[in-house]
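S.K.: Please find the sequence and the predicted model below.
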Amino acid sequence: MNSKIPVLIRLAPLLFLLSLISCGGGSSSGGSSSSSVGTSLKAGYQQAKWQSNTTVTYSGDCTMTITSNDLPSHAMATYYLAPTNAGYPTTVATNQVGNLSLQPNTRTATPTILTFNICPTKANTTTATNLGTVGVMISGGNLFNGAEATGIAAMSDNVSYPAPDGTTAYFLDNCNAHYAPRPGQTTAGGQYHYHANSPCVTSLVDLVNGPSHIIGVALDGYPVYGGRDISGNVISISQLDQCNGITSPTPEFPNGIYHYVLPEGVTSLRASLPCYGGVITTAQVALAQTLAICTSPALSVKPSLKITNKLAFEVNKRSLKKVLVNS
């Protein structure tokens with residue numbers, strides 16, 4: 001376990017205070033500033049179907065803290081293709097595929113604490129989403145943006161390889177997710193996270209062809225939804241702003257709310273949040289990015305190996321204790 005973990009947790013109150021002081025700080029796209037305090041979204045988040053592996057508490061109307069065991073509530077694969085350059089041992093030398101190697105799933109429960117400002121405000125300018133955590137999902141897994149470290153869309157760069165148990169190991173599993181290694185980590189037990197709309201998460205709360213419900217919260221405090229509007233109609237990218245945001249009614253907010261949409265069937269960088277539409281500080285982004293980033297397979301694949309589009313074969317966190325402080 002990283003020796004810096006306890007330091008991060010001990011500094012949480014200070015980081016929270018600093019985030020309150022610096023609300024509306026700089027951003028990677030010119031700065032997102034706002035001096036107003038937004039309307040509390042507490043009533044909506046209280047309706048969300050947070051899974052049994054997550055505990056959600058509120059401090060007043062504007063602060064929500066999510067504690068999870070850092071494992072998603074749904075089933076996961078037993079093997080993944082993971083970056084060898086993260087220090088993971090190659091299970092069998094012949095199993096190495098480019099810069100990826102076949103790795104058994106060794107994730108174990110690890111307490112994770114995330115704190116959000118749920119009185120968010122729209123920013124004057126958007127902030128590009130960081131590599132690493134951009135939000136947390138009702139399943140207990142994290143949400144990343146649509147890119148790997150190389151800038152390639154993760155959903156368009158999947159690789160598969162036969163696993164010892166007779167299954168097929170993928171870079172991204174059938175939940176459109178996988179784990180990311182941490183600095184110095186030498187076992188395949190990194191932070192489990194999603195790069196796109198996940199049927200494993202939406203199925204926890206949505207009915208087929210029904211409206212999308214809250215499936216997560218972004219670092220700026222705004223809710224994350226699946227790809228359908230309140231009438232159950234599919235939302236196209238053309239209906240969304242550049243951050244995949246939209247202001248419209250939802251089951252939890254029938255009078256309308258700004259929220260993010262993870263569109264269905266999208267494999268580009270727009271599969272997840274390209275940017276934050278709400279106020280977020282430089283410190284928040286920097287902290288999130290230090291937790292883990294996603295390394296790309298990005299390789300010339302041999303003809304015998306199968307490149308798959310995740311949504312073509314199935315339409316339908318991990319290891320580090322972390323504190324993400326929002327204001």
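M.R.: Nice, thanks for sending it over.
S.K.: any idea of the mean pLDDT for the one helix or strand residue 44 maps to?
M.R.: Using DSSP states H and E, residue 44 sits in helix 42-47. Averaging pLDDT along helix 42-47 yields 98.
S.K.: got the buried residues for that helix?
M.R.: Buried residues in helix 42-47, counting neighbours by 16 or more other C-beta atoms under 10 Å, are found at 44, 45. For glycine as for every other residue, the C-beta is placed from the backbone atoms N, C-alpha and C.
S.K.: List the buried residues of the helix or strand just after it.
M.R.: Next along the chain after helix 42-47, taking DSSP H and E as the criterion, comes strand 54-59. Residues of strand 54-59 classed as buried: residue 54 (neighbour count, 16+ other C-beta under 10 Å).
S.K.: Strand 54-59 pairs with which strands, and in what direction?
M.R.: Note on strand 54-59: by DSSP bridges, its sheet partners are strand 63-68 (antiparallel).
S.K.: who does the helix holding residue 44 touch, helix- and strand-wise?
M.R.: Applying 3 or more C-beta pairs under 8 Å, 6 or more residues apart in numbering; DSSP states H and E, we find helix 42-47 packed against strand 54-59, strand 214-218.
S.K.: Would you mind extracting the C-alpha trace of the last one into CSV?
M.R.: Provided in CSV are the C-alpha atoms of strand 214-218 (Å, rounded to 0.1, in the frame of the first residue of the first chain):
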residue,chain,number,x,y,z
ILE,A,214,-29.0,9.1,-11.7
ILE,A,215,-26.0,6.7,-12.1
GLY,A,216,-23.3,8.8,-10.7
VAL,A,217,-22.0,12.2,-9.7
ALA,A,218,-19.2,14.2,-11.4
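S.K.: number of nearby residues for residue 210?
M.R.: Counted with other C-beta atoms under 10 Å, residues neighbouring residue 210 total 14.
S.K.: Do I have it right that it meets residue 232?
M.R.: Yes. Counting by C-beta atoms under 8 Å, residue 210 does reach residue 232; the two are 5.0 Å apart.
S.K.: In a markdown table: the helices and strands packed on helix 42-47, plus distance to residue 200 and mean pLDDT.
M.R.: As requested, the helices and strands packed on helix 42-47 are exported to a markdown table (distance: least, C-beta to C-beta, whole Å; pLDDT from 0 to 100):
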| stretch | distance to residue 200 | mean pLDDT |
| --- | --- | --- |
| strand 54-59 | 15 | 96 |
| strand 214-218 | 10 | 98 |
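S.K.: Buried residues in stretch 112-128, which are they?
M.R.: Using 16+ other C-beta under 10 Å as the test for burial, stretch 112-128 gives 112-123, 126-127.
S.K.: need the contact list for the closest residue to residue 209 other than its chain neighbours.
M.R.: Once flanking residues are discounted, residue 209 sits nearest to residue 232: 5.1 Å by C-beta to C-beta, 6 or more residues apart in numbering. Counting by C-beta atoms under 8 Å, 6 or more residues apart in numbering, residue 232 makes contact with 209, 210, 211.
S.K.: Same check on residue 122?
M.R.: 34, 38, 258, 277, 278, 279.
S.K.: what about the chain, any weak spots by pLDDT?
M.R.: Applying pLDDT under 70 to the chain flags residues 1-36, 84-99, 181-190, 287, 289-292, 295-327.
S.K.: And the helices in it?
M.R.: Using DSSP state H, the helices assigned to the chain run over residues 5-10, 12-21, 42-47, 199-202, 282-291, 310-313.
S.K.: Now do residue 149: how many residues are near it, please.
M.R.: Neighbours of residue 149 under the rule other C-beta under 10 Å: 14.
S.K.: Hmm, it is touching residue 157, no?
M.R.: No. With contact defined as C-beta under 8 Å, residue 149 does not count as touching residue 157 (11.4 Å).
S.K.: Closest one to residue 63 out of the contacts of residue 232, please.
M.R.: Minimum distance to residue 63 across these is 27.7 Å, recorded for residue 211 (C-beta to C-beta).
S.K.: Skip the chain neighbours and tell me the closest residue to the closest one.
M.R.: Spatial nearest neighbour of residue 211, excluding adjacent residues (C-beta to C-beta, 6+ apart): residue 230 at 4.8 Å.
S.K.: list the contacts for residue 205?
M.R.: Contacts for residue 205 were tallied using C-beta under 8 Å, 6+ apart; they are 48, 49, 138, 213, 214, 215.
S.K.: Output the residues you listed in JSON lines; the columns should cover distance to residue 199 and neighbour count.
M.R.: Shown next, in JSON lines, are the contacts of residue 205 (distance: C-beta to C-beta, whole Å; neighbours: other C-beta atoms under 10 Å):
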{"residue": "48", "distance to residue 199": "18", "neighbour count": "18"}
{"residue": "49", "distance to residue 199": "15", "neighbour count": "13"}
{"residue": "138", "distance to residue 199": "14", "neighbour count": "27"}
{"residue": "213", "distance to residue 199": "14", "neighbour count": "23"}
{"residue": "214", "distance to residue 199": "16", "neighbour count": "24"}
{"residue": "215", "distance to residue 199": "11", "neighbour count": "26"}
